[in-house]
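**Student:** Sequence and predicted structure below; questions after.
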Amino acid sequence: MPANYQSGVIAPASSDALFITLNVKQGRDQEIIHALQQIQQSVSQFQERFSAQSVHAVVAIGSDYWDRLTFHLPNAWQRRPALLTPFPIMQGVVNMPATPVDLLLHLRSNRRDITYKLARELMALFSDAVEIAEDVSCFRYLDARDLTGFVDGTENPQGDHKKAVALVGDEDDIFAGGSYIHLQRYVHNLDRWSAQSVKDQEDVYGRTKEDNVEYPSNEKPLTAHTKRASLKDSHGQSVEILRHSMPYGNLTEAGLLFASYCRTPESFTLILKSMVEGDGNGHTDKLMQFTTAITGQAFFAPPLSWFEKLQ
């Protein structure tokens, strides 16, 4: 049986990515449906043309736009993914804003020119029915490090376990093979970060910088990023998400485009809550003192079967 998920959900990390967020103009929803009817075939054909370039794409629909879009579909396909909710606004020592948009194109490959060409071809399907909220070009930095100099994504699930973490299962049958996405664009204060000693930086992360060795649990500061972002649920199981985050930047502004994929949005919410609100004793994620969240969006990436039903 062919895979029912969009290829970009599970595919290994790429060296280049483009995150495009879009808003649909009023009265243009039928044109969006027409574009979505064609978009997966366009992606597939592009992948065949550039088969050596590890081309992958995810097309996702914003939480606030889902009902407006599906209102135009047959009744059987107006159903909403069971757990699709707006981005969780959180306020603490730092704030996590919600900046909803209608659509997401997460495109990636191992060449910048190929990613750009794919973006141009897919955007042509939408014509002038959409407005670009942001298009953020991301890149692999050194050996998969954040711009702070630390390896990113160390705790990501591997192999087939990625599917168990990222893909909706039979619990929501129509949407099995889909994935809940949370997207945040962070701007780093790299000057302030660079002013810290390496040891202080390592204490912020809870792992060593050069060789990427995690501190023993009993040696981690309670404010360490690895402490605040590593959680257990009520059954003692690790709370996991599949991260497709990548650095972006120029000499004026730089940071991280954080992308979480999961079979349930609750995992992301729990992790973010631990980082922002802490453990109830004032221990919040110290890394947030060196970066600022500018955007916050929630999406659902439907399975391929959902797009096929649009035909």
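**Tutor:** Now that the structure is in, tell me what you want to look at.
**Student:** Can you show me the strands along the stretch 51-200 of the chain?
**Tutor:** 56-62, 90-91, 95-96, 103-109, 130-139, 179-188 (DSSP state E, counting those that start in this stretch).
**Student:** If you average pLDDT over each of those, which is lowest?
**Tutor:** For those, mean pLDDT drops lowest on strand 90-91, to a mean of 86.
**Student:** Contacts for it next, please.
**Tutor:** By Cβ atoms under 8 Å, 6 or more residues apart in numbering, the list of residues contacting strand 90-91 from outside reads 96, 272-273, 276-277. (C-beta placed from N, C-alpha, C; glycine too.)
**Student:** Restricted to helices, list those.
**Tutor:** 272-273, 276 (DSSP state H).
**Student:** Now Thr208: closest residue in space, sequence neighbours ignored.
**Tutor:** Nearest non-adjacent residue to Thr208, counting by Cβ to Cβ, 6 or more residues apart in numbering: Glu202, 5.6 Å away.
**Student:** tell me which residues of the strand or helix carrying the one you found are tucked away?
**Tutor:** Per DSSP states H and E, Glu202 falls inside helix 198-205. For helix 198-205, a neighbour-count test (16 or more other Cβ atoms under 10 Å) marks 201-205 as buried.
**Student:** need the helix or strand of this protein with the lowest average pLDDT.
**Tutor:** Within the chain, no helix or strand scores below strand 90-91, which has a mean of 86 by mean pLDDT, DSSP states H and E.
**Student:** that older thread, between the buried residues of helix 198-205, which is closest to Asp146?
**Tutor:** Checking the buried residues of helix 198-205 against Asp146 by Cβ to Cβ gives Tyr205 as the nearest, at 9.4 Å.
**Student:** Quick check: the gap between the residue nearest to Thr208 and Val24.
**Tutor:** Glu202 is 45 Å from Val24, where distance means Cβ to Cβ, to the nearest Å.
**Student:** Ser127 too?
**Tutor:** According to Cβ to Cβ, Ser127 stands 12 Å off from Val24.
**Student:** can you check Ala76 too?
**Tutor:** 23 Å.
**Student:** Quick check: mean pLDDT of stretch 7-22?
**Tutor:** For stretch 7-22, mean pLDDT is 98.
**Student:** Same check on stretch 191-203?
**Tutor:** Mean predicted lDDT for stretch 191-203 stands at 98.
**Student:** Distance from the chain centre to that stretch, please.
**Tutor:** The chain centroid and the centroid of stretch 191-203 are separated by 26 Å under Cα atoms, centre = their mean, to the nearest Å.
**Student:** now the end-to-end length of it.
**Tutor:** By Cα to Cα, to the nearest Å, the extent of stretch 191-203 from end to end equals 18 Å.
**Student:** who's in contact with that stretch?
**Tutor:** Under the criterion Cβ under 8 Å, 6+ apart, residues 148-150, 204, 208-209, 215, 221, 224, 286, 290 lie in contact with stretch 191-203.
**Student:** Put together JSON lines for those, with distance to Gly8 on each row.
**Tutor:** Conversion of the contacts of stretch 191-203 to JSON lines gives the following (distance: Cβ to Cβ, whole Å):
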{"residue": "Thr148", "distance to Gly8": "25"}
{"residue": "Gly149", "distance to Gly8": "27"}
{"residue": "Phe150", "distance to Gly8": "25"}
{"residue": "Val204", "distance to Gly8": "31"}
{"residue": "Thr208", "distance to Gly8": "31"}
{"residue": "Lys209", "distance to Gly8": "30"}
{"residue": "Tyr215", "distance to Gly8": "33"}
{"residue": "Pro221", "distance to Gly8": "35"}
{"residue": "Ala224", "distance to Gly8": "31"}
{"residue": "Lys286", "distance to Gly8": "32"}
{"residue": "Phe290", "distance to Gly8": "29"}
